[in-house]
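Trainee: coordinates for the following, if possible.
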Amino acid sequence: MSRHHSMNDLLLRKQLLTTEAELHREHICQDIRIIGHAIDGFGRKAKSVGAAVSVITLLAGSVAAFRGVHKRKSPNNGHRPSMVSRLFSGVRLASTMWRGWKKVRG
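Mentor: Numbering: from 1, shown residues only. Sure, this is the predicted structure:
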């Protein structure tokens, strides 16, 4: 009779340990999900900050280009820049704006 009693105690202990292990496993899975959500949130925030910086850079570059900061000085003092020079400035401005727009959209 004592042998059955000790076997029942061992089976009961085994069931308790199995249940405890399953609870620990579920807690670990829940912790991993929480960490994953936190990392996703951080990634979204970083992406938002990156997009904001791209927009600010795009706007600053556009304003600077329109105000003539990037315009090369003409060798002729007081004369208008040549058509080729204005064309290259426009292309430079358009490419800067296009790259900025792609960063914002992408």
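
Trainee: elements contacting the lengthiest helix in the chain?
Mentor: Ranked by residue count, the top helix of the chain under DSSP state H comes out as helix 2-67. Applying 3 or more C-beta pairs under 8 Å, 6 or more residues apart in numbering; DSSP states H and E, one finds that helix 2-67 contacts helix 83-105. (Glycine included, C-beta is placed from N, CA and C.)

Trainee: run the angle between the helix it packs on and helix 2-67 for me.
Mentor: For helix 83-105 against helix 2-67, the angle by axes from the mean of the first three to the mean of the last three C-alpha atoms, to 10 degrees is 160 degrees.

Trainee: contacts only, for the residue most central in space within the chain.
Mentor: What sits nearest the mean C-alpha location of the chain, by C-alpha atoms, centre = their mean, is Lys47, with 3.0 Å. Under the criterion of C-beta atoms under 8 Å, 6 or more residues apart in numbering, Lys47 has no neighbours.
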